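Asks: Any chance you can model this:
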Amino acid sequence: MNWTDAQSYCREHHTDLASVRNMEENQMVPNLIPINTYVWIGLFRDPWIWSDGKESLFRNWNPLEPHIPDGSSKKCVAADFSADGQWEILDCNVKSAFICYIGKMSIKVSLTLDLGLESAGLGDATTLIISLC
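Replies: Prediction:
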């Protein structure tokens with residue numbers, strides 16, 4: 001898929017295109033894809049921003065990047081795992097593999113439990129709020 005279609009797919013089925021915030025995350029990606037594969041990540045435009053809008057100063061550019069000729073449509077970033085996961089700028093219309101992420105979700109659950117604590121002077125029932133990540 002091209003970058004925009006990959007982003008739409010990720011947003012519809014998961015959370016977004018992957019944002020790579022540090023070298024540890026960058027090194028996890030090769031375990032998920034075939035070797036010698038370019039994969040779209042969520043970095044795009046210049047100034048460079050992540051698809052999910054979050055900030056990160058981490059970059060793993062190929063030594064020849066970032067280089068965008070004037071008038072170029074190269075504004076999307078793919079990681080090249082034949083080059084140790086270094087990032088390259090490609091034309092956003094190029095079809096490539098992509099990595100989505102599923103973000104952590106915080107869920108609050110309200111449970112009302114009858115713990116039989118009336119004799120302890122705690123009232124009829126106890127409400128317990130649990131936060132799951």
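
Asks: Is the closest residue in space to Ile68 that isn't next to it in sequence bridged to anything, and to what?
Replies: In this structure, Ile68 finds its nearest non-sequential neighbour in Lys74, 5.4 Å apart by C-beta to C-beta, 6 or more residues apart in numbering. Every C-beta, even on glycine, is put in place using the N, C-alpha and C of the backbone. For Lys74, the beta-bridge partners under DSSP bridges are Asp91.

Asks: likewise Tyr38?
Replies: Asp80.

Asks: mind checking pLDDT for the residue nearest the centre of the chain?
Replies: The C-alpha lying nearest the average C-alpha coordinate of the chain belongs to Ala18 (C-alpha atoms, centre = their mean; 2.8 Å). Here the pLDDT value assigned to Ala18 is 86.

Asks: Next: Ile41.
Replies: 92.

Asks: List the residues that contact it.
Replies: Taking C-beta atoms under 8 Å, 6 or more residues apart in numbering, we find Ile41 in contact with 17-20, 77-79, 87, 98-99.

Asks: Now, those that are in strands?
Replies: Taking DSSP state E as the definition of strands, the contacts of Ile41 contribute 17, 77-79, 87, 98.
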